[in-house]
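Trainee: Take this sequence and fold it.
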Amino acid sequence: MGCHNFFVYERKKKEATMPSSVIASIEYNAVSSTLRVIYVSGTVYDYKNVPEQVYVAMKTSFSKGAFLNRHIKGRYAFEKAKG
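Mentor: Modelled structure (predicted):
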């Protein structure tokens, strides 16, 4: 499955673009509880079984990179999305 086909692009899709030196945007798939992190470099990682409230907290945090490092990395299984 292609990198951009993983998340269905429709009105209900949850996506946040933010000013960050590392993270270009984040997306959340509520059906699979998957948080997709798209890095400025173009690399994409999917973090599994992430509660929606964690996505919301990340989206509203001041530093997305710091939030990712403190609250997501090492706590949720992940895989590099295939492009």
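
Trainee: residues in contact with the nearest residue to residue 58 once chain neighbours are set aside?
Mentor: Spatial nearest neighbour of residue 58, chain neighbours left out: residue 67 (4.8 Å); criterion: CB to CB, 6 or more residues apart in numbering. Glycine gets a C-beta too; all of them are placed from N, C-alpha and C. With contacts defined as CB atoms under 8 Å, 6 or more residues apart in numbering, residue 67 is in contact with 57, 58, 61.

Trainee: unless I'm mixing things up, the first one is touching residue 71, no?
Mentor: If I follow you right, that is residue 57. Yes - with contact defined as CB atoms under 8 Å, residue 57 reaches residue 71; the gap is 7.3 Å.

Trainee: of these two, who's got more company?
Mentor: Legend: neighbour count by other CB atoms under 10 Å for residue 57 and residue 71, higher for residue 71 (15 against 12).

Trainee: hang on, the earlier thing: pick the one among the contacts of residue 67 closest to residue 31.
Mentor: Ranked by distance to residue 31 (CB to CB), the contacts of residue 67 are led by residue 58 at 18.5 Å.

Trainee: Report whether the closest one is found in a helix, as I expect.
Mentor: Yes - assessed by DSSP: H, G, I helix; E, B strand; the rest coil, residue 58 belongs to a helix.

Trainee: Residue 46 versus that one, what's the distance?
Mentor: Residue 58 sits 14 Å away from residue 46, going by CB to CB, to the nearest Å.

Trainee: and what of residue 71?
Mentor: Distance of residue 71 to residue 46, given as CB to CB: 16 Å.

Trainee: got it, and residue 59?
Mentor: In terms of CB to CB, residue 59 sits 16 Å off from residue 46.
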